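In: Could you look at this predicted model? Sequence included:
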Amino acid sequence: MSVVVEGLTKTYGRRHALDGLSFTAGTGVTGLLGPNGAGKTTLIRLLATVLAPDRGTMRLLGRDPATERQAIRRRLGYVPQEPGYHRGFTVFEFVDYVAILKEMADRRTRHDEVRRVIDEVGLADVSGRRIRALSGGMRRRIGIAQALLGDPELVLLDEPTAGLDSEQRLRFRDLIARAGEGRTVILSTHQIEDVAALCAKVVVLKDGGSVFEGTPKELRGLAEGRTWVGGRKEGPLCRHTGEGVFRTLGDPPPGARPAEPTVEDGYLLLLHEAAPAATR
């Protein structure tokens, strides 16, 4: 496994951002799901070696970040939730700047690599434009480009599709799917449809712990036989649909009309019923 996390704990004052979290991730795309405050961004920053845990252990690409952080960073690509671009730079200048920070010293070789990743994310035609003149979707693609410099073995993406429209998210799904070929990608997101479309594995966080680790199909299966529609609102996990009926999650009453569950149904049911201490 490229990522092995055991008993990870991180606190801020009295608040536990992570509380005894354990999970593994291998080649392909692993999705991190969870409500606000579940610990997703803290976990991504720990995996990126930006933070150190208070307790617990991590093995990243077979190495211990406590003693081999620089070696891990040389094989790591990271897109934070707020990348903080130098908006006066052109696309090429910014990605080249990151390449220098990644210790790519030979100018010709470095520029070839910069052009490669810019082309890979479909920005070759705007590589000379300043970042401040680009759309939000293009700026997100710059983040992916700099993360792919040097062909890293582990790529960490924190909410890369936040704020994008449906068409832009489809383009990003294609980018992320290609990034996950032959390497490990960990994707933190609120977009359940991105996880369903992209991820071979999903980890659901709640209150700093893991309450589920499995495939999207297995997550959807948690709502199998417990998704139904009716003519009135029943229970807390009930929503009115555009077809004029109520879709409800939970144990169905006699005579209820069953509905095909989705990954979102399994996720919502899990969060409603999972005890925070289940995996601590």
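Out: Happy to help now that I have it.
In: switch to C-alpha atoms for all contacts and neighbour counts from now on
Out: Noted.
In: what's the burial count for Ala71?
Out: Neighbourhood size, Ala71 [other C-alpha atoms under 10 Å]: 13.
In: Likewise for Gly37?
Out: For Gly37, the number of neighbouring residues by other C-alpha under 10 Å comes to 15.
In: So for it, what's the pLDDT?
Out: Listed pLDDT for Gly37 reads 89.
In: mind listing what it touches?
Out: Contacts for Gly37 were tallied using C-alpha atoms under 8 Å, 6 or more residues apart in numbering; they are Ala17, Asp207, Gly208.
In: need these in a markdown table with pLDDT, can you?
Out: Formatted as a markdown table, the contacts of Gly37 follow (pLDDT from 0 to 100):
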| residue | pLDDT |
| --- | --- |
| Ala17 | 95 |
| Asp207 | 92 |
| Gly208 | 93 |
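In: Most neighbours out of those residues, which is it?
Out: Greatest neighbour count in the contacts of Gly37, by other C-alpha under 10 Å, goes to Gly208: 28 neighbours.
In: which phi and psi does that residue have?
Out: Gly208 has phi and psi values of phi 80, psi 0 when expressed as degrees, to the nearest 10.
In: show me the contacts for it.
Out: His16, Ala17, Leu18, Asp19, Gly20, Leu21, Gly37, Ala38, Gly39.
In: Buried members of these into ChimeraX, please.
Out: Selection of buried members from the contacts of Gly208 for ChimeraX, criterion 16 or more other C-alpha atoms under 10 Å:
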select :16,17,18,19,20,21,38,39
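In: After the helix or strand bottoming out on mean pLDDT in the chain, heading C-terminal, what element do we hit next?
Out: When each helix and strand of the chain is scored by mean pLDDT, DSSP states H and E, helix 166-179 comes last, with a mean of 84. Note on helix 166-179: by DSSP states H and E, the next helix or strand toward the C-terminus is strand 184-188.
In: Okay, buried residues for the helix or strand following that following strand please.
Out: Per DSSP H and E, the first helix or strand lying C-terminal to strand 184-188 is helix 192-198. By neighbour count on 16+ other C-alpha under 10 Å, the buried set for helix 192-198 is Ile192, Asp194, Val195, Ala196, Leu198.
In: ok, so of the contacts of Gly37, who is nearest Thr248?
Out: The closest of those to Thr248 turns out to be Asp207 (C-alpha to C-alpha; 24.6 Å).
In: What residues does the residue nearest to that closest one when sequence neighbours are not counted make contact with?
Out: Counting by C-alpha to C-alpha, 6 or more residues apart in numbering, Asp207 lies nearest to Ala38, which is 4.9 Å off, once chain neighbours are set aside. By C-alpha under 8 Å, 6+ apart, Ala38 lies in contact with Ala17, Leu18, Leu205, Lys206, Asp207, Gly208, Gly209.
In: same question, Ser22
Out: Remark: with contacts taken as C-alpha under 8 Å, 6+ apart, Ser22 is in contact with Val4, Val5, Glu6, Gly7, Leu8, Gly209, Ser210.
In: That one is in what secondary structure piece?
Out: In this assignment (DSSP H and E), Ser22 forms part of strand 15-25.
In: Just want the angle from that strand to strand 184-188.
Out: Strand 15-25 runs at 150 degrees relative to strand 184-188, counting by axes from the mean of the first three to the mean of the last three C-alpha atoms, to 10 degrees.
In: How far away from the center of its chain is strand 15-25?
Out: Put simply, strand 15-25 sits 15 Å off its chain's centre (C-alpha atoms, centre = their mean, to the nearest Å).
In: continuing past it, what's the next helix or strand?
Out: Later in the chain than strand 15-25, the nearest helix or strand by DSSP H and E is strand 28-33.
In: who does that following strand pair up with?
Out: Taking DSSP bridges as the criterion, strand 28-33 sits next to strand 184-188 (parallel), strand 201-206 (parallel) in its sheet.
In: Make a markdown table out of those and add distance to Leu268 and mean neighbour count.
Out: A markdown table is the format used below for those (distance: least, C-alpha to C-alpha, whole Å; neighbours: other C-alpha atoms under 10 Å):
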| stretch | distance to Leu268 | mean neighbour count |
| --- | --- | --- |
| strand 184-188 | 17 | 26 |
| strand 201-206 | 11 | 24 |
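In: Dump the ones you listed to JSON lines, plus distance to Leu46 and mean pLDDT.
Out: Output for those, formatted as JSON lines (distance: least, C-alpha to C-alpha, whole Å; pLDDT from 0 to 100):
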{"stretch": "strand 184-188", "distance to Leu46": "12", "mean pLDDT": "96"}
{"stretch": "strand 201-206", "distance to Leu46": "15", "mean pLDDT": "96"}
